[in-house]
Every structure is written in structure tokens, then in C-alpha cells.
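A.B. asks: Give me coordinates for this.
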Amino acid sequence: MFNDSSRALVHALKYAGADYLARYMGLFMGKQYCRYPELAEAELAVPIPLYSKRRRKRGYNQSELLAHFFAEATGMPVDLNLLMRVRDTVSQTTLNRKERLANMAHAFACKEPNALRGKTVLLVDDVATTGATLEGCAAALKKAGAKKVFAYTFARE
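C.D. replies: Got it, this is the predicted structure:
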């Protein structure tokens, strides 16, 4: 759930340079993971990639940091290089669901389809609002040969 506390953590991590929060948030995600047995078949964690320009501006990818600490807590392997953002997109914050879906269409691609073929992937991100980013990533992973794609986020709006 996206309450005042989780909103403050996500916003600080994403927009205020508080990358140190990723440790707490990612380990928390790892601890809570066992509460979702429907995700148990996931074999590989993959963070949502940022476009290179946005990553340079922020200095880090918050989803990568969360995935790193999530993997530390669960022992699940994480691949930081499997998925890439191939198109710069506008910020989703002011867009409605239809605009967000269009914004994320064809924005992602898989770098290593052979490493993915037949695997069940767990996408890791900070927050799910409409699910458009997760859907865009899942489409790219499925197109590249993933058997199944699940999503797991710190918060959900």
C-alpha cells in the first residue's frame, strides 16, 4: 500500500538522493517476500532499468539498489543487465493510465534473450501506480522468451 510513510520513503529514494534508504527498503521487501507464495516460482530478479540520461542525473537506479538488497535477503539471483530501456520517456507522474501505457510501449528490450529463455522472472521496482512500466518490461521479457514474468514492488498506489 502507498501510505504516507511508504510514499515518503519512495520519494526520498527517487527524488532526494537518499540512496541509503534502498538497503532498508530492499531488505524489507526480501523479508516480506515469503508472504506471497504465488511468486515462489521466480528464478531471477530483474530491476526496472532507467534511461541512461536519467540514471546520470539521479546518480543511481533505485530499482537496481532495491533488487540488490532484495537478492541479498532472499538468495535469489539478480541480473542488472538483462533488461534495458531503449527509449527515453517522459516522467509518468502527470500521465493517466492510457498515456502511461503509450509512454512505455516499446521502451524496453532484452539484451540477452538466451539467458532468459524459459525462465520465470521477478521484476523489482519501487512503486506500482498503474502498472504501465511493469507491463512494458514484462512485454519485452516475454517477447525475448521468458516463461513467466511477475512483478514485486516496495509500494503500490
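
A.B. asks: so residue 89 touches residue 105, yeah?
C.D. replies: No: the criterion here is CB atoms under 8 Å, and residue 89 misses it with residue 105 at 9.5 Å. Bear in mind the C-beta positions are built from the backbone N, C-alpha and C, glycine included.

A.B. asks: From the centroid of the protein, which residue is nearest?
C.D. replies: What sits nearest the mean C-alpha location of the chain, by CA atoms, centre = their mean, is residue 125, with 2.8 Å.

A.B. asks: can you confirm that residue is in a strand?
C.D. replies: Yes: per DSSP: H, G, I helix; E, B strand; the rest coil, residue 125 lies within a strand segment.

A.B. asks: how about stretch 55-69: buried residues?
C.D. replies: The neighbour-count check on stretch 55-69 (16 or more other CB atoms under 10 Å) flags 61-69 as buried.

A.B. asks: let me fix that: stretch 92-105
C.D. replies: For stretch 92-105, the neighbour count (16+ other CB under 10 Å) marks 92, 95, 100-101, 103-104 as buried.

A.B. asks: what does stretch 105-114 give?
C.D. replies: Neighbour counts over stretch 105-114 (16+ other CB under 10 Å) mark 107-110 as buried.

A.B. asks: swap in stretch 33-50?
C.D. replies: Buried positions in stretch 33-50, judged by neighbour count with 16+ other CB under 10 Å: 33, 42, 44-50.

A.B. asks: what distance separates it from the centre of its chain?
C.D. replies: Centre-to-centre, stretch 33-50 and its host chain are 10 Å apart (CA atoms, centre = their mean, to the nearest Å).

A.B. asks: Averaged pLDDT, it. What do you get?
C.D. replies: The average pLDDT within stretch 33-50 is 96.

A.B. asks: Quick one: end-to-end distance for that stretch.
C.D. replies: 24 Å (CA to CA, to the nearest Å).

A.B. asks: just stretch 37-45 next, same as before
C.D. replies: Across stretch 37-45, the terminal residues are separated by 16 Å (CA to CA).

A.B. asks: same deal with stretch 6-23?
C.D. replies: Per CA to CA, stretch 6-23 runs 14 Å from first to last residue.
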